[in-house]
Each structure stands twice: as C-alpha cells, then as structure tokens.
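Undergrad: using only what follows, build the 3D model:
(one chain, ligands or ions: 2)
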Amino acid sequence: MKRIFAVMAFVLSISPALAGALPAPAGQPILTISGLIDNTNAGQTAVFDRAMLDALPGRTTTTATPWYDGKVSFTGPLGSELLKLVGAHGTMVKVTAVDDYSSEIPLQDFLDSPVIFADMLNAKPMSLRDKGPLFVIYPFDIRPDFYNEAYFGKSVWQIKALEVH
Ligand SMILES: Nc1nc2c(c(=O)[nH]1)N[C@H]1C(S)=C(S)[C@@H](COP(=O)(O)O)O[C@H]1N2
Ligand SMILES: [Mo]
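TA: Ligands and ions are numbered 1, 2, ... in the order given. Model prediction:
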C-alpha cells in the first residue's frame with residue numbers, strides 16, 4: 001500500500017513538468033493549435049514549423065482526387081500523432097484555412113484511420129498555390145468509402161490553424 005502511494009506521488013509530481021514541454025519551432029511557424037491541449041510552446045497555443053511536423057510518424061497516400069489531374073501522392077504527419085503530441089482532448093477539431101474556410105473534424109476520425117496533414121505533394125513541399133502548406137488528406141487509398149462529398153468537405157487545404165474543443 002505504501003508503495004502504491006509512493007508511485008502515485010511520483011506520477012503526480014512529474015505530470016505538471018511534462019505538460020507544456022513542447023520545444024519551440026526554429027523555423028517559420030506554419031500551424032497553430034489551440035483549445036483543449038496540454039502541451040504548448042507559445043502562450044496557450046502550440047506552434048509548429050515544417051521540420052517539427054516532418055519529424056512525426058507520417059504516411060504517404062496515393063490517390064485520385066477531385067482537385068488534381070490523375071493520381072497524386074500526399075505525404076505528411078499522421079493526425080493521430082500530431083494530436084497526441086499536443087495532448088489533445090475533447091471531441092472535435094476545427095480546421096481553419098488561410099481563406100477562413102473551416103471544417104469540423106471529429107477527433108475520433110484521426111484515431112480510426114490514418115488521416116494525414118499533408119505537407120508534400122508528389123514528394124515536394126506544397127506551396128500555397130498547390131493548396132499547401134498543409135492539406136487534410138483522408139486515406140482514400142485504403143478507404144474508398146471515404147471518397148465522397150462528405151469527406152471532400154473535411155479535406156481542408158491551405159490550413160493555418162486547428163482548434164481542439
Ligand atoms: N481552404 C479551403 N479548403 C476547402 C474548401 C475551401 O473553400 N477552402 N472547400 C471544401 C469543400 S466544401 C469541398 S466539397 C471541397 C471542394 O473541392 P472543390 O471546390 O475542388 O470541388 O474542398 C474543401 N476544402
Ligand atoms: Mo463541399
């Protein structure tokens with residue numbers, strides 16, 4: 001029993017030190033995450049440059065799309081890994097683009113399937129003109145049932161911010 005209390009005291013004492021321990025970006029920030037997150041590096045928010053995003057486990061999704069000619073390849077960090085890194089809790093992620101278009105994506109979508117925040121198109125960094133710097137890409141290659149208007153609407157391009165709520 002004494003041992004259990006000792007372990008609990010240890011866990012309680014390290015958790016405040018871990019919360020918020022996210023390194024600040026060295027490069028130009030391209031994404032800001034706010035809302036229900038435990039780990040921050042800029043006030044109440046977590047900001048990311050491309051290198052921080054590319055350091056996360058990712059995926060390449062090769063698929064036809066409504067937006068480009070023929071099959072293209074998208075590469076970027078897994079949404080699940082990004083949201084885990086910031087300690088996201090809650091139920092929804094509001095994804096906002098530079099044109100202020102936004103879409104609400106259930107947090108569960110990121111846990112159920114390998115949705116990525118693509119930052120590369122055909123292995124090259126995605127420019128704003130190519131719908132970069134970040135584009136939500138559902139795994140249309142392994143989930144053809146996602147290939148419909150409901151998921152196209154969640155496929156936000158030119159992303160600048162996420163708000164977890
Ligand atoms: N940044 C941004 N992403 C966006 C949109 C937008 O207006 N801006 N429209 C969304 C909607 S509602 C859909 S259905 C698809 C539309 O793609 P399309 O206009 O090429 O058909 O992109 C989604 N992603
Ligand atoms: Mo749409």
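Undergrad: number of nearby residues for Lys71?
TA: 11 (other Cβ atoms under 10 Å). From N, CA and C alone the C-beta is placed, and that goes for glycine too.
Undergrad: nearest spatial neighbour of it, skipping sequence neighbours?
TA: Using Cβ to Cβ, 6 or more residues apart in numbering and skipping residues adjacent in sequence, the residue nearest Lys71 is Ala64, 5.4 Å away.
Undergrad: what do you get for Gly70?
TA: Distances taken as Cβ to Cβ, 6+ apart put Ala64 closest to Gly70, at 7.0 Å, once the chain neighbours are dropped.
Undergrad: who in this protein is up against ligand 1?
TA: Taking Cβ under 6 Å from any ligand atom, the part of the chain that reaches ligand 1 is made up of Pro66, Trp67, Ala97, Asp99, Tyr101, Glu149, Phe152, Gly153, Ser155, Val156, Trp157, Gln158.
Undergrad: show me which of the residues you listed are buried.
TA: Using 16 or more other Cβ atoms under 10 Å as the burial test, the residues of the chain next to ligand 1 include Ala97, Ser155, Val156, Trp157, Gln158 as buried.
Undergrad: phi, psi of the residue nearest to the second one when sequence neighbours are not counted?
TA: Read that as Ser155. Taking Cβ to Cβ, 6+ apart, and ignoring the residues beside it in sequence, Ser155 has Val136 as its nearest neighbour in space, at 5.4 Å. Dihedral angles of Val136 (phi, psi; degrees, to the nearest 10) stand at phi -70, psi 120.
Undergrad: count the residues that sit near Val136.
TA: The number of residues packed around Val136, counting by other Cβ under 10 Å, is 25.
Undergrad: likewise Asn122?
TA: Look at Asn122: counted by other Cβ under 10 Å, it has 14 neighbours.
Undergrad: what bridges to the nearest residue in space to it that is not next to it in sequence?
TA: Of all residues not flanking Asn122 in the chain, Ser73 sits nearest, at 5.4 Å (Cβ to Cβ, 6+ apart). Ser73 has the following beta-bridge partners by DSSP bridges: Thr62.
Undergrad: next SSE downstream of the helix or strand of the chain with the lowest mean pLDDT?
TA: Averaged element by element with mean pLDDT, DSSP states H and E, the chain has its least confident helix or strand at helix 2-18 (a mean of 50). Counting by DSSP states H and E, the next helix or strand C-terminal to helix 2-18 is strand 31-35.
Undergrad: so what are the sheet partners of that next one and their directions?
TA: Based on DSSP bridges, the pairing partners of strand 31-35 within the sheet are strand 46-48 (antiparallel), strand 159-164 (parallel).
Undergrad: many thanks, we can stop here.
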